[in-house]
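Trainee: Quick check, what structure comes out for this input:
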Amino acid sequence: MAEQAPVKPTLGLTGVTVNAMALIAPGAFLWITYQLQAAATAPDGSSVASDIWAGIGFALILAFLTAISYAQLARLYPEAGFGSCYYFAEKAFLDRANKAHHRWARLAKIVTGWAAHLFYWVYPGCMVAFMATLVGYIYTKLTGGTLPVTVLVVFSALFAALTGYIAFRGVTGSTMTALVINVIQLSTLALFSCLAIYYRLGNPEHATDWSFTGAWDVIRPHSLSGVLVQSTLAILILFGFESCSVFAAETKDPRTNIPRAVILSLVIQGLCAYLFEYFAAGYMVSEKLVYTGLKSQAVSTGMAAAAASSAPIGDMAILVGDSLLGGVGFGLMMSIAVAVGLAILGATLSCFNTAVRVSYAMAQDREMPGLLAAMHGRFATPHRAIWALVGVSTVIAAVGVLKGAVTLTGITLASNFGTFVLYGLTCLWTIIAFAGREDYSVVKHLIIPGLGLIANITMLGAILYLYVVGNATARTEAYICFAIAGAWALVSLVYVAVTSRRAGRAILATPPRAA
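Mentor: Alright, predicted model coming up:
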């Protein structure tokens, strides 16, 4: 067997921040999720599109509370390596002075690992499906026709393989790819947002029926249920700040750089980019945004058009380009679409890198199949885990493409469900890890993670309640979500039970008594 290459610390603050920013990818998510957000409804079937911005604001608060918890744990455990949250869960109990707490360490890391995989292994498949949807939209705009589903499935497989190959080549190449993509998408995003705001202020097409009466109407909450529904979707566009914590083994001075990168990535892309771009998009929507169905020829306008179109931001780009830039709307749309495609690649790549490193850590600890612990001899990447994830992502994307938006939304909700569980557990582990330590802070180690835990539990409750009691479509999405989460829980439980019995390892191991 070839000797495995050692993992070397090559990433500085910029490197780990860029990897986290790639997964947040505001240039991609404005394009690929605005339709879902515009089409979202309350349990009674009424539209909650008016609460898109407020929902993002609430999700952003949740994200910051969780990000601070991640930063505190990353500072406490810089030796976490690939394990990240999985490692944090175990150490939170093993470092307790009272040895009676040690018996909970394995259970804590198994549950955390289950949630991490529900999040990180489902999410890339959703991104691959979104990429196929983008390609289908561009093809329709170029030709007026639609791509066969078979072609989109084949494209999904090729895109997943390309992403896997970049991840396989190592984190240095992935970081440079992510850096270039971030520069392109943020520049494109700033251009579109400024044009959208100017479109509203200048009103070149003399619109009279704006979806929002003014700037305050875009920002303010309109209903509690609307904010909660939009928040359950908005977490999809905000998570990723924690992904840099899996690069501890590849980071110079991880005790300092990783906590900073966790917060910095969320500030740049969550606080600055997302709030600005979603304000601009909502601010410009009027009756001039029109969508005509390809089959029914039914015409929708305003926010209803945004909910019906597969790429409402592309339609908005055509609108502002034609009215403000002398008829170059199609060219502006294509430029943004290319930037979005690159951003989707960056987000998918970042999640690949995060997912396989957590899997590697669990496999090294004998909590997952040993084949996932194989490290490539030249590139020092968990190559078998990468190619396994390529296969899983291809299957998820194919199901999303074949079955349509409802199924894809249900799969996305499953990933979001794993996210809320993982984030809530991380906040809980922060409280446990710092309790009784000399550097304990009531604000940083109790109030903030405590609020984060409550917020994540609230989001889990929102998924359970708002989708289960909603209309038929929402219930179908919820059932898909719970089926995926339940199936993964069952598989994990059976695997842990069987392997533990064979190895004679107890899930709750009572520590030996002192002599």
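
Trainee: Which parts of the stretch 151-300 of the chain are helices?
Mentor: Listed in chain order, the helices of the stretch 151-300 of the chain (DSSP state H, counting those that start in this stretch) span 171-202, 215-219, 224-238, 254-266, 275-284.

Trainee: how about the fourth one: buried residues?
Mentor: It stands for helix 254-266. For helix 254-266, burial by neighbour count (16 or more other C-beta atoms under 10 Å) applies to Pro254, Asn257, Ile258, Pro259, Arg260, Ala261, Val262, Ile263, Leu264, Ser265, Leu266. No exception for glycine: its C-beta is placed from N, CA and C like everyone else's.

Trainee: now do the shortest one
Mentor: By neighbour count, with 16+ other C-beta under 10 Å as the criterion, the buried positions of helix 215-219 are Val218, Ile219.

Trainee: what does that helix contact?
Mentor: Residues outside helix 215-219 that contact it (C-beta atoms under 8 Å, 6 or more residues apart in numbering): Ser50, Trp53, Ala54, Gly57, Phe212, Phe279, Gly282, Tyr283.

Trainee: top of those residues by neighbour count?
Mentor: Within these, most neighbours by other C-beta atoms under 10 Å means Gly282, with 26 neighbours.

Trainee: Check what pLDDT the closest residue to that one other than its chain neighbours gets.
Mentor: Leaving out its chain neighbours, the residue that sits closest to Gly282 by C-beta to C-beta, 6 or more residues apart in numbering is Val218, at 4.5 Å. Among the per-residue scores, Val218 shows a pLDDT of 97.

Trainee: Also Ala2?
Mentor: 42.

Trainee: Likewise for Thr133?
Mentor: At Thr133, the model reports a pLDDT of 87.

Trainee: quick one, what contacts it?
Mentor: Applying C-beta under 8 Å, 6+ apart, we find Thr133 in contact with Ile32, Ser310, Ala311, Val401.

Trainee: Let me know the helix or strand that it is in.
Mentor: For Thr133, the host element (DSSP states H and E) is helix 123-143.

Trainee: CA atoms only for that helix - export them in CSV, please.
Mentor: Output in CSV follows, covering the C-alpha atoms of helix 123-143 (Å, rounded to 0.1, in the frame of the first residue of the first chain):
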residue,chain,number,x,y,z
TYR,A,123,-27.1,19.3,0.7
PRO,A,124,-24.6,18.7,-2.2
GLY,A,125,-27.2,16.8,-4.1
CYS,A,126,-29.6,19.7,-3.8
MET,A,127,-27.0,22.0,-5.1
VAL,A,128,-26.3,19.7,-8.1
ALA,A,129,-30.1,19.7,-8.8
PHE,A,130,-30.1,23.5,-8.6
MET,A,131,-27.3,23.6,-11.1
ALA,A,132,-29.2,21.4,-13.5
THR,A,133,-32.2,23.8,-13.1
LEU,A,134,-30.0,26.7,-14.0
VAL,A,135,-28.8,25.0,-17.1
GLY,A,136,-32.4,24.2,-18.1
TYR,A,137,-33.4,27.9,-17.6
ILE,A,138,-30.5,29.1,-19.8
TYR,A,139,-31.3,26.6,-22.5
THR,A,140,-35.0,27.8,-22.5
LYS,A,141,-33.9,31.4,-22.8
LEU,A,142,-31.6,30.6,-25.7
THR,A,143,-33.8,28.3,-27.7
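
Trainee: Looking at the contacts of helix 215-219, which one is closest to Tyr423?
Mentor: Closest to Tyr423 out of the contacts of helix 215-219 is Gly57 (17.1 Å), distances taken as C-beta to C-beta.

Trainee: Give me the residues contacting stretch 291-304.
Mentor: 38, 47, 49-50, 140, 146, 209, 211, 285-290, 305-309, 312, 315.

Trainee: Looking at this structure, which helix is longest?
Mentor: Ordering each helix of the chain by length in residues (DSSP state H) puts helix 329-364 first.

Trainee: Now that helix: buried residues?
Mentor: 329, 332-337, 339-364.

Trainee: Are any of the contacts of stretch 291-304 buried, and if so which?
Mentor: Buried among those by 16+ other C-beta under 10 Å: 38, 49-50, 211, 285-286, 288-289, 305-309, 312, 315.

Trainee: Among the residues you listed, which lie within strands?
Mentor: The strands in this structure, assigned by DSSP state E, contain none of those.

Trainee: From Pro26, how far off is Thr458?
Mentor: According to C-beta to C-beta, to the nearest Å, Thr458 and Pro26 sit 24 Å apart.

Trainee: of the two, who's got more company?
Mentor: A direct count of neighbours by other C-beta under 10 Å for Thr458 and Pro26 places Pro26 higher, at 26 against 16.

Trainee: Next, work out how far apart that one and Glu242 are.
Mentor: For Pro26, the distance to Glu242 equals 17 Å [C-beta to C-beta].

Trainee: low pLDDT regions in the stretch 401-515 of the chain?
Mentor: By pLDDT under 70, the low-scoring segments of the stretch 401-515 of the chain are 509-515.

Trainee: Helices along that one, start to end?
Mentor: According to DSSP H, counting those that start in this stretch, the stretch 401-515 of the chain carries its helices in the segments 405-434, 442, 448-462, 468, 472-503.

Trainee: nearest to Ala74, of those?
Mentor: Of all these, helix 405-434 comes closest under C-beta to C-beta, at 10.5 Å.

Trainee: ok now that closest one, how far from the chain's centre?
Mentor: Centroid separation for helix 405-434 versus its chain: 10 Å, with C-alpha atoms, centre = their mean, to the nearest Å.

Trainee: What of stretch 219-239?
Mentor: Averaging C-alpha positions (C-alpha atoms, centre = their mean) puts stretch 219-239 15 Å from its chain's average.

Trainee: Send me that stretch as CSV with only the CA atoms.
Mentor: Coordinates of each C-alpha in stretch 219-239 appear next as CSV, following Å, rounded to 0.1, in the frame of the first residue of the first chain:
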residue,chain,number,x,y,z
ILE,A,219,-37.9,45.1,5.6
ARG,A,220,-40.7,44.9,8.2
PRO,A,221,-42.3,41.7,9.4
HIS,A,222,-45.8,41.2,8.2
SER,A,223,-46.8,38.1,10.2
LEU,A,224,-45.3,35.7,12.7
SER,A,225,-46.1,32.6,10.6
GLY,A,226,-44.6,34.3,7.5
VAL,A,227,-41.4,35.0,9.3
LEU,A,228,-41.1,31.5,10.6
VAL,A,229,-41.9,29.9,7.2
GLN,A,230,-39.3,32.1,5.5
SER,A,231,-36.8,31.4,8.2
THR,A,232,-37.0,27.7,7.6
LEU,A,233,-36.1,28.3,4.0
ALA,A,234,-33.5,31.1,4.7
ILE,A,235,-31.3,28.8,6.8
LEU,A,236,-30.4,27.1,3.5
ILE,A,237,-28.8,30.3,2.2
LEU,A,238,-27.0,31.1,5.5
PHE,A,239,-25.4,27.9,6.7
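
Trainee: Next, the buried residues of it.
Mentor: Neighbour-count burial for stretch 219-239 flags 219, 225-239 (criterion: 16+ other C-beta under 10 Å).

Trainee: so where's this protein shaky on pLDDT?
Mentor: Applying pLDDT under 70 to the chain flags the ranges 1-8, 22-24, 27, 170-175, 294-297, 377, 379, 509-515.

Trainee: about what we covered before: which one among the buried residues of helix 254-266 gets closest to Leu134?
Mentor: Using C-beta to C-beta, these come closest to Leu134 at Ser265, 23.6 Å.
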